[in-house]
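Engineer: Next comes the sequence, and after it the predicted model I'd like to discuss.
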Amino acid sequence: MVSRVGVVSDDFRKQVLGYGLTTAEILYRMPDHPSLLQTYVWQNYDLFPKFPALTDFLAFWQQKLDGPLYSVTVAHSKLIKPAELRAVDGVFRLH
């Protein structure tokens, strides 16, 4: 059995550094049928309020993809809040 003590995921590190889960609903016009709207859901860890990762993704979208953006709706939630992170006094193991 391999012990993974001390191994922390990059996602957890981001959460401790203040990143929160950001979800963006992106409505865009279909390239072949501009009167139709299509939806795309983007989700990643990002920093509130500037959202650098989302901003980079939207810049990529506008430069490389054909469907012009119609609207972007953003939801953001910090998953780790100061009151929820606390030190552990001990570890109890049951066989």
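Structural biologist: Arrived safely, thanks for sending. Numbering: from 1, shown residues only.
Engineer: Could you count how many residues lie near Thr22?
Structural biologist: Close neighbours of Thr22, defined as other CB atoms under 10 Å, add up to 19. In this view, the C-beta of every residue, glycine as well, is placed from N, C-alpha and C.
Engineer: my guess is Asn44 contacts Thr55, does it?
Structural biologist: No. Contact criterion CB atoms under 8 Å: Asn44 and Thr55 do not qualify, at 11.6 Å.
Engineer: Which one of those two is surrounded by more residues?
Structural biologist: Asn44 (15 against 11).
Engineer: Strands of the chain, residue ranges please.
Structural biologist: 20-29, 37-46, 69-77 (DSSP state E).
Engineer: Give me the sheet partners of the first one and which way each runs.
Structural biologist: On the basis of DSSP bridges, the sheet neighbours of strand 20-29 come out as strand 37-46 (antiparallel), strand 69-77 (antiparallel).
Engineer: Can you give the distance from the last one to the centre of its chain?
Structural biologist: When distances are taken as CA atoms, centre = their mean, to the nearest Å, strand 69-77 is centred 12 Å away from the chain's centroid.
Engineer: Return the backbone torsion pair for the spatially closest residue to Met30 that is not a sequence neighbour.
Structural biologist: Nearest residue to Met30, sequence neighbours excluded (CB to CB, 6 or more residues apart in numbering): Leu36, at 4.5 Å. Main-chain torsions, Leu36, degrees, to the nearest 10: phi -100, psi 140.
Engineer: Number of residues surrounding Leu36?
Structural biologist: 9.
Engineer: Which pLDDT value belongs to it?
Structural biologist: pLDDT for Leu36: 96.
Engineer: Ser3 too?
Structural biologist: 55.
Engineer: show me the contacts for the residue nearest the centre of the chain.
Structural biologist: Taking CA atoms, centre = their mean, the centroid of the chain lies closest to Asn44, which sits 1.9 Å from it. The contact partners of Asn44, by CB atoms under 8 Å, 6 or more residues apart in numbering, come to Leu21, Thr22, Ala53, Leu54, Phe57.
Engineer: so which of those residues is the most crowded?
Structural biologist: Leu54 (21 neighbours).
Engineer: Quickly compare the strands of the chain and say which is most buried.
Structural biologist: Comparing those by mean neighbour count (mean count of other CB atoms under 10 Å), strand 20-29 ranks first with a mean of 17.
Engineer: Sweet, I'm off.
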